[in-house]
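[1] Attaching a predicted model along with its sequence, questions to come.
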Amino acid sequence: MEKLSHKEHDFSAKLRQNSVIGGLREYITWQRQLREGGNAPLPCRGPLSINLDLTSACNFACPHCVDSNIINTTRTLDFETIRASIETMAEGGLLSVILIGGGEPTLHKDFEKIVRMLKERRMQVGIVTNGSKLQKVARVADLLDEGDWVRLSLDAGHEDTFAKSHRPRGDVRLAGILQAASALKRVNPRISLGYSFVIVWNGIEIGAHELCPNIAEMSEAVRQALDHDFDYVSFKPCLIRLEDSHKESLLAKPGGLSEDEIIAAIQAGLVQARTAADGRVKILESVNLQALLEKRLTELKNQPKVCHAQFFRTVLTPSAVFHCPALRGVEKGRIAGSDGYACAAAFEQTMANLEGSIKTFDASEECREVACFYNHVNWWIERTIVSDTDVWAIEPVVDNNFFL
């Protein structure tokens, strides 16, 4: 099975790229000074990468959606706020933007205009979409470069499972989305096109509703990907929002199967998926899926006290700026209003709020149930801070991929 390459999930390598290693060195130096009793302000750098939620609107009603508590709340970021925020963050070092989460980005009335604006500012762009409005993506596809990507949240290999898993409004079918995806790839072969598959096993319930299991369709999803010119299929485990804290978690409520039974079923599905792929399409496993299969979830939920990743990436939504995707919509993750990056003064205040979050947000306690994607890089930075390693001895790597 081909694992994720370093450019997809080795965030420490991304932070050591030639263009951005200066920010990493400044942050480590600041943390060391802070722990020695210094009072220097947080380095005045904005996020390297952001998740940009354009709207809360969504035309699907996916029962497994971790953002269901903020979907269709009538909130939308207006174009001028987005433009001003991107320009301000670009001056602070922003290099990549992922249009994702909290709703369906292609439903924003200015979606195409926003993509054009991002590419005019030479941002790396990733788009996560349910695929129902791929014609909008197609109209700006020629602007996307090698390294940009489009990932479709499909989670099925057959029409009936797709319908049960996504509950689309209107006449939206898996077959139509796949045909549109293939056409998109023909418009611009440079785009990395992904087939996203959230693995649902038997017995998972959310809000007293049992989710539709899809493990048996993992190999069929790979065959669909092959037939429709996808570059990879990304498998990840089903997450839920905890009822008390609203934070994302994995195996907090495992469903009707034991952990060993879940692992065995997923492993069998991955073997079949690899056979179907036959080396012609990449099979990618998310960080938390790998940890689940290797029984390392406890390790992934063991967080350092300080979440260092929040200095390098944040989430801009129609309701607020949050310091982590897993805390989207959670008050403890909020560091500013939706205009928190819209001008220099707002940016300065947001950075002050972020400094407070870095100093006071206890990730070891607040995120102890979160199988964190940034666990490895947080511990890597923490170990570097407490070591006697000279920041100038940290080896840079060649620029490649700035998505966090």
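    Alright, I've got the coordinates.

[2] Name the SS class of Val150, please.
    What DSSP: H, G, I helix; E, B strand; the rest coil gives for Val150 is strand.

[3] and if you look at Glu87?
    The three-state label for Glu87, taken from three-state DSSP, comes out as helix.

[4] For it, give me its contacts.
    By C-beta atoms under 8 Å, 6 or more residues apart in numbering, the contact list for Glu87 reads Arg121. The C-beta positions use only the backbone N, C-alpha and C, and glycine is treated the same way.

[5] Same check on Gly131?
    Taking C-beta under 8 Å, 6+ apart as the definition of contact, the neighbours of Gly131 are 152-154, 177, 180-181.

[6] how about those in JSON lines, adding pLDDT?
    JSON lines is the format used below for these (pLDDT from 0 to 100):
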{"residue": "Leu152", "pLDDT": "98"}
{"residue": "Ser153", "pLDDT": "96"}
{"residue": "Leu154", "pLDDT": "98"}
{"residue": "Ile177", "pLDDT": "98"}
{"residue": "Ala180", "pLDDT": "98"}
{"residue": "Ala181", "pLDDT": "98"}
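
[7] For the closest residue to Ser132 other than its chain neighbours, which residues are in contact?
    Across the structure, with C-beta to C-beta, 6 or more residues apart in numbering as the measure, the residue nearest Ser132 apart from its sequence neighbours is Val172 (4.8 Å). Taking C-beta under 8 Å, 6+ apart as the definition of contact, the neighbours of Val172 are 59-60, 132, 166.

[8] Out of those, grab the one that's most surrounded.
    When neighbours are counted by other C-beta atoms under 10 Å, His166 leads these with 26 neighbours.

[9] Can you list phi and psi of the nearest residue to Pro318 once chain neighbours are set aside for me?
    With C-beta to C-beta, 6+ apart as the measure, Arg75 is the residue that lies nearest to Pro318, at 3.6 Å, once sequence neighbours are left out. In terms of degrees, to the nearest 10, the main-chain angles of Arg75 are phi -90, psi 140.

[10] Now do the strand of greatest length in the chain: which elements does it pack against?
    What stands out as the longest strand in the chain, according to DSSP state E, is strand 192-199. In terms of contacts (3 or more C-beta pairs under 8 Å, 6 or more residues apart in numbering; DSSP states H and E), strand 192-199 is packed against strand 149-153, helix 174-187, helix 218-227, strand 232-237.

[11] export that strand as CSV, just CAs?
    The C-alpha atoms that make up strand 192-199 are tabulated as CSV, following Å, rounded to 0.1, in the frame of the first residue of the first chain:
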residue,chain,number,x,y,z
SER,A,192,-4.3,16.8,-8.9
LEU,A,193,-7.8,15.2,-8.8
GLY,A,194,-8.8,13.3,-5.6
TYR,A,195,-11.6,10.9,-4.7
SER,A,196,-12.2,11.3,-1.0
PHE,A,197,-13.7,8.3,0.9
VAL,A,198,-14.7,8.5,4.5
ILE,A,199,-14.8,4.9,5.8
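
[12] Check the offset of it from the chain's centre.
    The chain centre lies 12 Å from the centre of strand 192-199; the measure is C-alpha atoms, centre = their mean, to the nearest Å.

[13] Which strands and helices lie in contact with the strand or helix carrying Val125?
    Taking DSSP states H and E as the definition, one finds Val125 inside strand 124-129. When contacts are defined as 3+ C-beta pairs under 8 Å, 6+ apart, strand 124-129 packs onto strand 96-99, helix 111-120, strand 149-153.

[14] Ok, which of the ones you listed comes nearest Ile283?
    Taking C-beta to C-beta as the measure, the helices and strands packed on strand 124-129 were each checked against Ile283, and strand 149-153 came out nearest at 14.5 Å.

[15] now the helices: where do they sit in the stretch 301-404 of the chain?
    Per DSSP state H, counting those that start in this stretch, the stretch 301-404 of the chain carries helices over the ranges 344-360, 363-366, 375-386.

[16] Packed most tightly, which of the ones you listed would that be?
    Each of the helices of the stretch 301-404 of the chain was assessed for mean neighbour count using mean count of other C-beta atoms under 10 Å. The highest is helix 375-386, with a mean of 19.

[17] Please work out the angle formed by the directions of the longest strand of the chain and strand 232-237.
    Using axes from the mean of the first three to the mean of the last three C-alpha atoms, to 10 degrees, the direction of strand 192-199 lies 30 degrees away from that of strand 232-237.

[18] rewinding a little: and the next element down the chain from the strand holding Val125?
    Along the chain past strand 124-129, the next helix or strand (assigned with DSSP H and E) turns out to be helix 134-138.

[19] and that following helix, which residues are buried?
    Within helix 134-138, the residues that qualify as buried are 134, 136-138, counting by 16 or more other C-beta atoms under 10 Å.

[20] Just name the closest of those to Pro213, please.
    With C-beta to C-beta as the yardstick, the closest approach to Pro213 among the buried residues of helix 134-138 comes from Leu134, at 26.8 Å.

[21] now the end-to-end length of stretch 154-163.
    10 Å (C-alpha to C-alpha, to the nearest Å).

[22] neighbouring contacts of it?
    62, 64, 131, 165-166, 173-175, 177, 195-198, 200, 212, 214, 217-221, 223-224.

[23] Separate out the buried members of these.
    62, 64, 131, 165-166, 174, 177, 195-198, 200, 212, 214, 217-221, 223-224.

[24] Asp388: how many residues sit nearby?
    Asp388, neighbours per other C-beta under 10 Å, totals 5.

[25] Now do it against Ser96, distance only.
    Remark: distance between Asp388 and Ser96 (C-beta to C-beta, to the nearest Å) = 32 Å.

[26] what sits against Gly101?
    The contact partners of Gly101, taken as C-beta under 8 Å, 6+ apart, are 51, 53, 67, 128, 315, 317, 325, 328.

[27] would you turn those residues into JSON lines with neighbour count, pLDDT and distance to Ala273?
    Converted to JSON lines, the contacts of Gly101 look like this (neighbours: other C-beta atoms under 10 Å; pLDDT from 0 to 100; distance: C-beta to C-beta, whole Å):
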{"residue": "Asn51", "neighbour count": "24", "pLDDT": "97", "distance to Ala273": "27"}
{"residue": "Asp53", "neighbour count": "30", "pLDDT": "96", "distance to Ala273": "30"}
{"residue": "Asp67", "neighbour count": "20", "pLDDT": "64", "distance to Ala273": "26"}
{"residue": "Val128", "neighbour count": "18", "pLDDT": "97", "distance to Ala273": "21"}
{"residue": "Val315", "neighbour count": "27", "pLDDT": "97", "distance to Ala273": "30"}
{"residue": "Thr317", "neighbour count": "25", "pLDDT": "95", "distance to Ala273": "33"}
{"residue": "Pro325", "neighbour count": "23", "pLDDT": "91", "distance to Ala273": "26"}
{"residue": "Arg328", "neighbour count": "26", "pLDDT": "88", "distance to Ala273": "29"}
